[in-house]
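1. Structure, please.
(one chain, ligands or ions: 4)
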Amino acid sequence: MAKVFYDQDVNWDVMKGKKIAIIGYGSQGHAHALNLKDSGLDVVVGLYKGSPSIAKAKAAGLTVKSVSAAVAEADITMILIPDEKQADVYKEDIEPNLKDGSALAFAHGFNIHFKQIVPPAAVDVFMVAPKGPGHLVRRTFAEGGGVPDVFAVEQDATGKCFDIALAYARGIGGTRAGVIQTTFQEETETDLFGEQAVLCGGICQLITNGFETLCEAGYQPEIAYFECFHEMKLIVDLMYEGGMANMRRSISDTAEYGDYTAGPKVITSDSKQAMKQVLQDIQDGTFAKDWLLENKAGGRAHFLAMRRRHAEHPIETVGGKLRNMMSWLHSSKED
Ligand SMILES: NC(=O)C1=CN([C@@H]2O[C@H](COP(=O)(O)OP(=O)(O)OC[C@H]3O[C@@H](n4cnc5c(N)ncnc54)[C@H](OP(=O)(O)O)[C@@H]3O)[C@@H](O)[C@H]2O)C=CC1
Ligand SMILES: CC[C@](O)(C(C)=O)C(=O)O
Ligand SMILES: [Mg+2]
Ligand SMILES: [Mg+2]
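-> Ligands and ions are numbered 1, 2, ... in the order given. Here you go, the predicted model:
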């Protein structure tokens, strides 16, 4: 069993007098900046001129500066802009302003692991990666809890990088839930695999195929939505709280029998083979190369076309109407 670190394992003194620059104020950026500030730390947000995020960060009571000014005064620079933009911003605004003996930090290992960013030897390099979306990192912290993190030390120039990484995890609430040490390689490959094969790619395709199967068989789309999409959260909540057995205790025996017999017919050994291929494309750098190329040469044309096509799928139209009737729901994209 991996060692799990909690609040009491943290040397909080290493954060004394440290200024933390949070670069970007999106999903993770707003959560890290606000949680660290609420933990009593000195935070400055770095954004580009004209960024719509400036107003949001200022409205939340944060100090905002240009990326270069924020980095120049920081003891810890946490890069929380989209992965595909990080290398250019690093070269232009971060690297020239990084102080020797300061720390460069990430919430995902992509740019270090795939060598898009190569930091100088005189800085610490660490990662604290929350295992959950940024809006929940903030919401859970504000409610008194925390989202678990994984952390990694890539380069220990000061001899204190391990302690600083763990203290950072405490500052955003991670050690309330428990954090585990990893490497940049392990986090990058497993995070990409999880989001592609299971959490985002796998689950969205499973739901969509279920919805389409019922609609194509002539059932009402609203019924198909409730059966294949709406109930997903309720079922996953039971698994999240107590494992699959907990969910199976709550569903009918009829559902449980169908679960064991039909599940392996739908998600087959071919699906597992496809998962292995997805993992291989991540491990050998094929996925990273394609994604970076999509952003450079392609101007994101293919990505944006896919986003549009999926947003226009009938499951979204039907779901939007049904969710409007549930007044207690609010978008997780709200800041
Ligand atoms: N999303 C998540 O929950 C998770 C993300 N991560 C990792 O966290 C990192 C950040 O991801 P995420 O939070 O999704 O990112 P977002 O897409 O939410 O970040 C967007 C933010 O970056 C700002 N930004 C964009 N370009 C620049 C620039 N050139 N200079 C300064 N700021 C800029 C945007 O400003 P504006 O909008 O004003 O243009 C906005 O504030 C990534 O490494 C990701 O892999 C890790 C775990 C979970
Ligand atoms: C599951 C997607 C994620 O890896 C995350 C929220 O952890 C991401 O990159 O956003
Ligand atoms: Mg993730
Ligand atoms: Mg990810």
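
2. hang on, Ala21 is in a helix, isn't it?
-> No. Secondary structure of Ala21 (DSSP: H, G, I helix; E, B strand; the rest coil): strand, not part of a helix.

3. Contact partners for it?
-> 43-46, 70-71, 73-74, 76-78 (CB atoms under 8 Å, 6 or more residues apart in numbering). Glycine gets a C-beta too; all of them are placed from N, C-alpha and C.

4. partner residues bridging it?
-> For Ala21, the beta-bridge assignment (DSSP bridges) gives partners Val44, Thr77.

5. re the thing from before, for the contacts of Ala21, give me JSON lines that also has neighbour count and distance to Ile282.
-> Listed next are the contacts of Ala21 as JSON lines, based on neighbours: other CB atoms under 10 Å; distance: CB to CB, whole Å:
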{"residue": "Val43", "neighbour count": "24", "distance to Ile282": "33"}
{"residue": "Val44", "neighbour count": "21", "distance to Ile282": "34"}
{"residue": "Val45", "neighbour count": "30", "distance to Ile282": "31"}
{"residue": "Gly46", "neighbour count": "32", "distance to Ile282": "29"}
{"residue": "Ala70", "neighbour count": "25", "distance to Ile282": "32"}
{"residue": "Val71", "neighbour count": "25", "distance to Ile282": "30"}
{"residue": "Glu73", "neighbour count": "16", "distance to Ile282": "36"}
{"residue": "Ala74", "neighbour count": "27", "distance to Ile282": "31"}
{"residue": "Ile76", "neighbour count": "24", "distance to Ile282": "28"}
{"residue": "Thr77", "neighbour count": "28", "distance to Ile282": "27"}
{"residue": "Met78", "neighbour count": "27", "distance to Ile282": "24"}
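
6. ok, of those residues, which one's closest to ligand 2?
-> The closest of the contacts of Ala21 to ligand 2 turns out to be Met78 (CB to the nearest ligand atom; 15.4 Å).

7. Check that closest one and give its pLDDT.
-> At Met78, the model reports a pLDDT of 99.

8. List the residues that contact it.
-> Met78 touches 20-23, 32, 105-107, 128, 168, counting by CB under 8 Å, 6+ apart.

9. what do you get for Asp124?
-> By CB under 8 Å, 6+ apart, the contact set of Asp124 is 101-104, 153, 155-158, 160-161, 164.

10. ranking those residues by neighbours, who comes first?
-> Most neighbours among those, by other CB atoms under 10 Å: Ala103, with 28 neighbours.

11. near ligand 4, which residues of this protein show up?
-> 191, 195 (CB under 5 Å from the ion).
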